[in-house]
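Novice: Would you be able to build a 3D model of this:
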Amino acid sequence: MAGPEAPEAGWKAFTENIVGGGRLELDPAGIEQCIKLCQEHAELMGDLADNARQKLRAADLGIGEHDIDSAKQLARKFDEKAIGGGDIDFANTAVGLFGAHQTYAKDMKSMFEAVLARYNEQDAAIALSLGSVGGDL
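Specialist: Numbers count the residues shown, from 1 in each chain. Predicted coordinates for the structure are as follows:
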C-alpha cells in the first residue's frame, strides 16, 4: 500500500521527473534531513499504530456491554473501528490509518534516498570529467 492517493500522484511525478532527466537543484544536506525526518515520522506512525492496537480496545467501556446485547454490539463496533474486523475496511481503522501514514513516510524516505543517490552519482561523474579535462590543461 502506498499511502494516500492524491499526494502519491505528486510524488510519483516528482520522482519520474528527477529520475527521467528533469532538472533539479538541491542541497544534499537538506535531502539527508528529509530522509531523517521521514524515518522519524514512519517510526512515530508505527508507534501510534501499536498504541492504537493496545489502548483503543473497547474491552470495558462501562456501558453495560457485559449484560446488554446492544451495548455489547456498540463496544464491538468501537473495537472494530479502532483495530479492524467486522464489516469495517482496515484502511478506515485507526491502526490502518497510522499504518498507511507509516508506509507513505517510508515511501517518501525511499524516494529521497534515490534522489540523493542519483545526485551523488552525477556529482561524482561530473567531478571525474572535470578532473580528466583539468589534467590536459
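Novice: and Glu25, how many neighbours does it have?
Specialist: 5 (other C-beta atoms under 10 Å). No exception for glycine: its C-beta is placed from N, CA and C like everyone else's.
Novice: Just the element for it, please.
Specialist: Taking DSSP states H and E as the definition, one finds Glu25 inside no helix or strand.
Novice: Tell me the confidence at it?
Specialist: We note a pLDDT of 70 for Glu25 in this prediction.
Novice: Below-threshold pLDDT in the protein: ranges please.
Specialist: Applying pLDDT under 70 to the chain flags the ranges 1-11, 14, 17-18, 21-24, 58, 133-137.
Novice: Grab the longest helix from it for me.
Specialist: Identified as the longest helix of the chain according to DSSP state H is helix 94-135.
Novice: now that helix: how far from the chain's centre is it?
Specialist: With C-alpha atoms, centre = their mean, to the nearest Å as the basis, helix 94-135 stands 16 Å off its chain's centre.
Novice: tell me what it is packed against?
Specialist: helix 5-19, helix 28-55, helix 69-83 (3 or more C-beta pairs under 8 Å, 6 or more residues apart in numbering; DSSP states H and E).
Novice: Show me which residues of the longest one are buried.
Specialist: Of the residues in helix 28-55, those buried by neighbour count under the rule 16 or more other C-beta atoms under 10 Å are Ile31, Cys34, Ile35, Cys38, His41, Ala42, Met45, Gly46, Leu48, Ala49, Ala52, Arg53.
Novice: okay, now the residue nearest to the second one when sequence neighbours are not counted: neighbour count?
Specialist: Beyond its immediate neighbours in the sequence, the residue positioned closest to Cys34 (C-beta to C-beta, 6 or more residues apart in numbering) is Phe112, lying 4.8 Å away. Under the neighbour criterion other C-beta under 10 Å, Phe112 is assigned a count of 23.
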